[in-house]
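[1] Take this sequence and fold it.
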Amino acid sequence: VQLQASGGGLVQAGGSLRLSCAASGRTFSIYVMGWYRQAPGKQRELVAAISGGGSTYYLDSVKGRLTISRDNAKNTVYLQMNSLKPEDTAVYYCAANRYGTFRGNYEYWGQGTQVTVSS
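    Numbers count the residues shown, from 1 in each chain. Here you go, the predicted model:
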């Protein structure tokens with residue numbers, strides 16, 4: 001599986017962005033898809049994840065502001081980011097795993113996309 005993330009950019013606090021991650025392959029629907037982020041000097045963290053059937057996981061600090069979704073027909077997962085805060089600034093990565101777990105190991109990773117939120 002190859003993953004291609006896009007949609008990052010510079011936005012003011014309170015603004016919105018939508019990240020997209022396009023996946024190759026015919027079995028996209030079986031993968032749990034996740035969005036991770038890594039800020040400078042911090043560990044990478046799982047922000048949101050979604051199963052093939054649409055069950056979701058969110059990091060507590062983003063609940064109510066970020067929404068993960070997927071379109072299995074388009075092999076694409078999205079991260080809608082609203083009410084962005086400066087602390088959301090990070091490189092965001094999409095990832096995929098076949099194990100059915102949200103916070104387990106992810107086998108496949110896309111390149112990062114930078115999200116910068118100015119105050």
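
[2] Now Ser118: closest residue in space that isn't a chain neighbour?
    Nearest non-adjacent residue to Ser118, counting by C-beta to C-beta, 6 or more residues apart in numbering: Gln12, 5.4 Å away. Glycine gets a C-beta too; all of them are placed from N, C-alpha and C.

[3] tally of neighbours for the one you found?
    Look at Gln12: counted by other C-beta atoms under 10 Å, it has 10 neighbours.

[4] for Pro86, same thing?
    For Pro86, using other C-beta under 10 Å, the count is 11.

[5] now the one 10 residues further on
    For Ala96, the tally of surrounding residues (other C-beta under 10 Å) stands at 23.

[6] related to what we said a few turns ago, hang on, isn't the residue nearest to Ser118 packed against Val117?
    Yes - in terms of C-beta atoms under 8 Å, Gln12 counts as a neighbour of Val117; the distance is 7.3 Å.

[7] Can you give me the distance of the residue nearest to Ser118 to Ala49?
    Going from Gln12 to Ala49 by C-beta to C-beta, to the nearest Å gives 27 Å.
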